[in-house]
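*Asks:* sequence first, then the predicted structure, then my questions.
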Amino acid sequence: MQRSAFLTSLICSLALVMGCQEDTVTPVASADVSTATDIAANDDSAQQATDTGASPEADAEPDTTLVDSLDAADASCTLTGFDPGPQIAFIGSQTYTDPTQGHWNLTVSSTDGTARLVVESRLGEAGGPAAPGTYPLFFEDNDSKLQVSLHAGCGDEGCETVYAAISGSAEIKSLDLSSGGDVSVTLSNALFATGEPQDDGTVEGLSTWCVDGSYGGSFQVQGGAGEALPDFALADQAGAEVSLSSLQGTMAVVLINFNEWCPPCMSAATASEGLWKEYEAADDRFDVSYTQLLYDNPAGDPSDQDDASDWATEHGITYPVLHGQAVQDLVEIVLGDEFDVSIAASTAGIGFPAYWIVDPLGQIREFNMGFKDGAPNFSTAQLVAHFDAFLAEHPDWTK
């Protein structure tokens with residue numbers, strides 16, 4: 001993950017501001033989430049950002065000596081506390097055959113839905129936590145690889161303001177990386193901050209948020225993995241009908257995608273044509289079909305043929321882009337009532353875009369969530385591995 005230059009500058013500036021200019025902050029003894037949202041929404045100098053579910057990392061590590069010494073007890077808190085409401089927890093690669101890879105994410109909405117707490121761990125080579133333990137919260141989190149952030153001013157189109165964690169600790173009390181497994185995280189002396197760094201090292205519109213509390217939930221069910229993809233007949237961007245039978249006999253990659261309000265969804269669409277060609281060339285034992293389910297249009301309504309056609313043209317897509325209310329119905333039928341599409345969509349880049357990998361007989365082999373660093377959270381090798389597993393179960397199958 002890449003943390004933005006804004007946050008790099010913010011953290012450097014906070015080291016100065018929190019050390020010698022605490023009078024720039026108006027303390028609030030206790031504030032609920034609605035107060036936090038109002039302050040964030042009315043602060044013209046607050047950083048406006050699309051909701052990526054987690055703040056990106058800095059390209060270069062600044063001197064954070066003073067920041068590392070701060071904790072919530074020493075800082076003046078503009079906002080205090082986070083009252084949890086609905087939560088969603090999911091694993092980026094939901095085959096659950098190797099839970100040590102991919103990433104896991106816990107997103108907790110406030111009771112009024114206008115703020116979110118996001119805890120994310122990148123697993124595998126990234127070195128993020130895959131087991132209980134206590135991890136420090138500070139800029140870049142190089143030791144723990146645990147990313148924690150607060151988002152304010154949230155609505156249907158994402159969140160307006162991101163608060164970066166700069167000190168405190170997160171104790172992962174429980175972590176069961178399996179379908180339906182539990183995750184529990186306790187924040188202690190957690191200090192989050194946002195504002196607009198100035199050239200003189202100060203932070204204009206500085207707002208801090210202090211949180212102590214325990215949050216948790218259960219990881220989403222497997223998103224259809226292990227089940228048959230329901231039969232469907234949907235129209236593509238040219239008006240042609242695409243059905244489940246047209247995908248059978250191939251290894252199918254089905255991209256569940258949202259529109260331009262979701263930047264990672266745009267990136268996934270742009271990369272998809274090239275990825276399809278890469279998958280096709282991976283193994284001559286099977287063909288690959290690629291299909292995109294365009295969940296909505298720029299206004300958030302179900303997409304129509306014009307939306308799908310414009311989307312395909314914009315992103316250089318030649319494979320089918322399916323549209324309509326029936327797309328939303330199909331997605332929600334397969335994911336089930338327990339999967340909250342709206343919350344997963346709001347954590348753009350982590351929850352959605354998402355992918356179903358479907359075998360030649362129409363069974364969903366994997367539900368894979370997220371798109372970061374120019375690629376989905378599964379590789380060409382994983383696609384081949386799914387085919388090998390399919391062939392082991394169906395040795396008489398031929399192309």
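*Replies:* That came through fine. Residues are numbered from 1 along each chain as shown.

*Asks:* count of neighbours near the closest residue in space to residue 363 that isn't next to it in sequence?
*Replies:* Leaving aside its chain neighbours, residue 363 sits nearest to residue 228 (5.5 Å; criterion: C-beta to C-beta, 6 or more residues apart in numbering). Where C-beta positions appear, they are placed from N, C-alpha and C, glycine not excepted. Other residues near residue 228 come to 14 when the count uses other C-beta atoms under 10 Å.

*Asks:* what sits against residue 228?
*Replies:* Taking C-beta atoms under 8 Å, 6 or more residues apart in numbering, we find residue 228 in contact with 362-364.

*Asks:* likewise for residue 393?
*Replies:* Contacts for residue 393 (C-beta under 8 Å, 6+ apart) come out as none.

*Asks:* cool, and residue 360?
*Replies:* By C-beta under 8 Å, 6+ apart, the contact set of residue 360 is 248-251, 286, 390, 397.

*Asks:* residue 206: which of these is nearest?
*Replies:* residue 251 (51.5 Å; C-beta to C-beta).

*Asks:* okay, and the beta partners of that closest one?
*Replies:* residue 288 (DSSP bridges).

*Asks:* wait, doesn't it sit right on residue 291?
*Replies:* No - if you go by C-beta atoms under 8 Å, residue 251 and residue 291 don't touch, sitting 12.0 Å apart.

*Asks:* one step back: so of the contacts of residue 360, which ones are in helices?
*Replies:* Counting by DSSP state H, the contacts of residue 360 place residue 390 in helices.

*Asks:* mind pulling the model confidence for the residue nearest to residue 363?
*Replies:* Here, the pLDDT recorded for residue 228 equals 89.

*Asks:* I'd like the distance between it and residue 333.
*Replies:* If you measure residue 228 against residue 333 using C-beta to C-beta, to the nearest Å, the figure is 12 Å.

*Asks:* related to what we said a few turns ago, more neighbours: residue 251 and residue 291, which one.
*Replies:* Looking at residue 251 and residue 291 with other C-beta under 10 Å, you find the greater number of neighbours at residue 251, namely 25 against 21.

*Asks:* show the contacting residues for that one.
*Replies:* Residues near residue 251 by C-beta under 8 Å, 6+ apart: 279, 286-289, 357-360, 383, 386-387.

*Asks:* by neighbour count, which of these wins?
*Replies:* Ranked by neighbour count (other C-beta under 10 Å), the contacts of residue 251 have residue 358 at the top, with 26 neighbours.

*Asks:* with adjacent residues omitted, what lies nearest to residue 327?
*Replies:* residue 293 (4.8 Å).

*Asks:* so which elements touch the helix or strand containing the one you found?
*Replies:* Assigned by DSSP states H and E, residue 293 falls within strand 288-294. Judged by 3 or more C-beta pairs under 8 Å, 6 or more residues apart in numbering; DSSP states H and E, strand 288-294 is in contact with helix 244-247, strand 251-257, helix 263-280, helix 305-315, strand 321-322, helix 325-335.

*Asks:* quick one, domains of this protein?
*Replies:* 5-218, 233-393 (automatic domain parsing).

*Asks:* for the stretch 101-250 of the chain, what spans make up the strands?
*Replies:* Counting by DSSP state E, counting those that start in this stretch, residue ranges of the strands within the stretch 101-250 of the chain are 103-110, 115-122, 133-136, 146-152, 161-175, 182-197, 203-218, 233-235, 241-243.

*Asks:* for residue 86, give me the pLDDT.
*Replies:* 69.

*Asks:* same deal with the one 5 residues further on?
*Replies:* The predicted structure scores residue 91 at 63 on the pLDDT scale.

*Asks:* rewinding a little: ok, the contacts of residue 228 vs residue 242, which is closest?
*Replies:* residue 362 (13.8 Å).

*Asks:* so what's that closest one up against?
*Replies:* 228-229, 244, 247-248.

*Asks:* ends of stretch 270-290, how far apart?
*Replies:* Chord length of stretch 270-290, first to last residue, is 13 Å (C-alpha to C-alpha, to the nearest Å).

*Asks:* and that stretch, which residues are buried?
*Replies:* Buried residues in stretch 270-290, counted by 16 or more other C-beta atoms under 10 Å: 271-273, 275-276, 279-280, 282, 286, 288-290.

*Asks:* what's in contact with it?
*Replies:* The contact list for stretch 270-290 (C-beta under 8 Å, 6+ apart) reads 246-247, 249-253, 255, 292, 315-319, 360, 371, 374-376, 380, 383-384, 387, 391, 399.
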